[in-house]
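Q: could you look at this predicted model? Sequence included:
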Amino acid sequence: MSILGWIILGLLAGAIAKLLLPGRDPGGFLGTTLIGVAGAFIGGWISARWLDHPVSQHFYDGATWAAAIGGSLVLLILYRVIFGNSRD
């Protein structure tokens, strides 16, 4: 998968994660993309490292999407734990 494919995957995974975990988070198009791309990387690393299931290089693979969305959720939760209600 190309860099553009990973960015698109990250954008969509970040948007899905924000839908699953609504609230005040770093927002906007760029924030969602960055959280999603970083979440895809972290989710893939966790999947390969601890779950012994490396993600595929294919855009339409379910495990790749699950890892990307799961990683994005982890990042959103960590953001809320670290920064709390500082955006109120």
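A: Great, that's in hand.
Q: drop to CA atoms for contacts and neighbour counts, all remaining ones
A: Noted.
Q: so, low pLDDT: which residues of this structure?
A: For the chain, the stretches flagged by pLDDT under 70 are 1, 25-29, 53-59, 84-88.
Q: identify the residues contacting whichever strand or helix holds Ile46?
A: For Ile46, the element it lies in under DSSP states H and E is helix 28-49. For helix 28-49, contacts defined as CA atoms under 8 Å, 6 or more residues apart in numbering pick out 6-7, 9-15, 26, 53-55, 64-65, 67-76.
Q: buried sites along it?
A: The neighbour-count check on helix 28-49 (16 or more other CA atoms under 10 Å) flags 32-47 as buried.
Q: ok, stretch 61-81 next?
A: 63-76, 80.
Q: the protein: helices as residue ranges?
A: 3-20, 28-49, 62-83 (DSSP state H).
Q: what is the neighbour count of Gly5?
A: 13 (other CA atoms under 10 Å).
Q: look up how far Arg24 lies from it.
A: Taken as CA to CA, to the nearest Å, the spacing of Gly5 relative to Arg24 amounts to 27 Å.
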